[in-house]
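**Q** what's the 3D shape of this:
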Amino acid sequence: MFDFLKKIIQKKDKPPQKPKKVQAKEKKPAPQKPKKVQAKEKKPAPQKPKKVQAKEKKPAPQKPKKVQAKEKKPAPQKPKKVQAKEKKPAPQKPKKVQAKEKKFFYDELEMILLTADVGISATTMLIEETKEKVKKDKVTDPLELKKILKGCLVELLKKIEQPLNIDNSGPFVMMIVGVNGAGKTTTIGKLTKIFQSQNKKVLIAAGDTFRAAAVEQLSVWGERNNTQVIAQQNGDPSAVIFDAVNSAKSKNIDIVLADTAGRLPTQKNLIDEITKIKRVITKCHSVAPQEVMLVIDANTGQNAINQLKIFNDALNVTGLIITKLDGTAKGGIVAAIAKDQPTPLRYVGVGEKIDDLKVFNAEDYVEGMIE
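**A** Residues are numbered from 1 along each chain as shown. Below you'll find the predicted structure:
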């Protein structure tokens, strides 16, 4: 009986052993789990950042190194090739530019000459002469080209640079002819001043009887220069000039300036009339007129060539005066005359004052024409 109870008691006592095992089991894993978790957490925590840092550090320097290496290699190669290409054509380009500059310069010179009324014939000749000298002297400087052109133009104008020579077969009769408005009457007043400065006695014949103001205008110039003026209102021009020449012969006058009426070259009846005046002068004085001076307005342009041809055929023009060069006219017509109809150019008018009539000088004229 007691033995049986002992066994029961023993069986009852066994279950409390289980919680001991559970507690033991629970106690064992409890500290182990946190230890393992902590261990696991601690281990990967430092490992992961190390690996990330390592990965980031490794590609970071590698990538820029490769990029820099790639950039450095082509960088010096490209400029070397470009520089090599630029250096070869560099000396060739200026040659082409110089050729273009020369062509442009010739075109510009041609335009300047044509707009200055030099004319096609004279312009072509001057450009060709300039090109020949440039080729001969191997000139490359554009400034030198301009000097060469000026030299060619001076050489051309020297042919007509012939100052007036007054001989002693007095009186020296000078017929002043030209178209309407060329400046004949004003030129006579200026010529009077020039000749008086050379100690010459001057007499003016007012042969322009068609224009009412012509006689009055000449009278004003006569008063300014203290010179006698022979005039007749509504008289015959030939008769007026005839009387003036006879008066000059009797008074030992050195120079007679005979004004004539302006007339267009197309008016044949007026051209015939002026030839009559010349014949009358010759009857009065066998060697007169010693000078037939044609006055040309610089603004006339190429029409001046036609004027010169017609007056020359009728009167045998011996000298020219170019007026009104103080305006917009460049005076290139002088070069055209020298080329197509060479006639001595005596004076040029550069203003309205009494001293503004100058003896023609080719070099000074070219300098003023091409600045």
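**Q** what are the ranges of the helices in the stretch 201-350 of the chain?
**A** Per DSSP state H, counting those that start in this stretch, the stretch 201-350 of the chain carries helices over the ranges 212-225, 237-250, 268-284, 303-315, 333-340.
**Q** With distance to Lys158 and mean pLDDT as extra columns, can I get the ones you listed in CSV?
**A** For glycine as for every other residue, the C-beta is placed from the backbone atoms N, C-alpha and C. Converted to CSV, those look like this (distance: least, C-beta to C-beta, whole Å; pLDDT from 0 to 100):
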stretch, distance to Lys158, mean pLDDT
helix 212-225, 32, 87
helix 237-250, 34, 92
helix 268-284, 30, 88
helix 303-315, 19, 91
helix 333-340, 9, 91
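**Q** Gln290 is nearest to which of those?
**A** With C-beta to C-beta, the closest approach to Gln290 among the helices of the stretch 201-350 of the chain belongs to helix 268-284: 9.9 Å.
**Q** Distance check, Glu144 against Lys131.
**A** Distance, Glu144 to Lys131, by C-beta to C-beta, to the nearest Å: 13 Å.
**Q** swap in Ala288?
**A** Counting by C-beta to C-beta, the separation of Ala288 from Lys131 is 47 Å.
**Q** which one of those two has more residues nearby?
**A** Using other C-beta atoms under 10 Å, the more surrounded residue of Ala288 and Lys131 is Ala288, with 25 against 14.
**Q** The nearest residue to the more buried one once chain neighbours are set aside: neighbour count?
**A** The shortest distance from Ala288 to any non-neighbouring residue, by C-beta to C-beta, 6 or more residues apart in numbering, is to Val173 (3.7 Å). By the measure other C-beta under 10 Å, the count of residues near Val173 is 28.
**Q** before we move on, which element is Val173 in?
**A** Assigned by DSSP states H and E, Val173 belongs to strand 172-177.
**Q** Mind giving me the packing neighbours of the helix or strand immediately after that strand in the chain?
**A** The helix or strand immediately downstream of strand 172-177 is helix 184-197, counting by DSSP H and E. Secondary-structure packing of helix 184-197 (3 or more C-beta pairs under 8 Å, 6 or more residues apart in numbering; DSSP states H and E): strand 172-177, strand 202-206, helix 212-225, strand 255-259, strand 319-323, strand 345-349, strand 357-359.
**Q** quick one, helix 184-197 and strand 172-177 angle?
**A** Using axes from the mean of the first three to the mean of the last three C-alpha atoms, to 10 degrees, the inter-axis angle of helix 184-197 relative to strand 172-177 is 160 degrees.
**Q** Asp356 versus Lys193, what's the distance?
**A** In terms of C-beta to C-beta, Lys193 sits 10 Å off from Asp356.
**Q** swap that for Val215, sorry
**A** Counting by C-beta to C-beta, the separation of Val215 from Asp356 is 23 Å.
**Q** go on, Thr227?
**A** From Thr227 to Asp356 the distance is 18 Å (C-beta to C-beta).
**Q** out of these two, which sits in the more crowded spot?
**A** A count of neighbours by other C-beta under 10 Å puts Thr227 above the other of Thr227 and Asp356, at 21 against 15.
**Q** Surely the more buried one touches Thr192?
**A** Yes - judged on C-beta atoms under 8 Å, Thr227 makes contact with Thr192 at a distance of 5.4 Å.
**Q** what sits in contact with each of those two?
**A** Residues touching both Thr227 and Thr192 (C-beta atoms under 8 Å, 6 or more residues apart in numbering) are 202, 204, 221.
**Q** before we move on, back to that, okay, the helices of the stretch 201-350 of the chain, which one's buried deepest?
**A** For those, average neighbour numbers computed from mean count of other C-beta atoms under 10 Å are highest in helix 333-340, which has a mean of 23.
**Q** what angle do it and strand 319-323 make?
**A** 150 degrees.
**Q** which helices and strands does helix 333-340 pack with?
**A** Judged by 3+ C-beta pairs under 8 Å, 6+ apart, the packing partners of helix 333-340 are helix 120-137, helix 142-157, helix 303-315, strand 319-323.
**Q** Pull the contacting residues for the closest residue to Trp221 other than its chain neighbours.
**A** Of all residues not flanking Trp221 in the chain, Gly189 sits nearest, at 3.1 Å (C-beta to C-beta, 6+ apart). Counting by C-beta under 8 Å, 6+ apart, Gly189 touches 218, 220-221, 224-225, 354.
**Q** Just the pLDDT for Gly189.
**A** With respect to pLDDT, Gly189 scores 93.
**Q** how much space between it and Asp259?
**A** Separation of Gly189 from Asp259 (C-beta to C-beta): 10 Å.
**Q** Mutual contacts of those two, please.
**A** Each of Leu218 lies in contact with both Gly189 and Asp259 under the rule C-beta under 8 Å, 6+ apart.
**Q** part of a helix, is Ile112?
**A** Yes - Ile112 forms part of a helix when assessed by DSSP: H, G, I helix; E, B strand; the rest coil.
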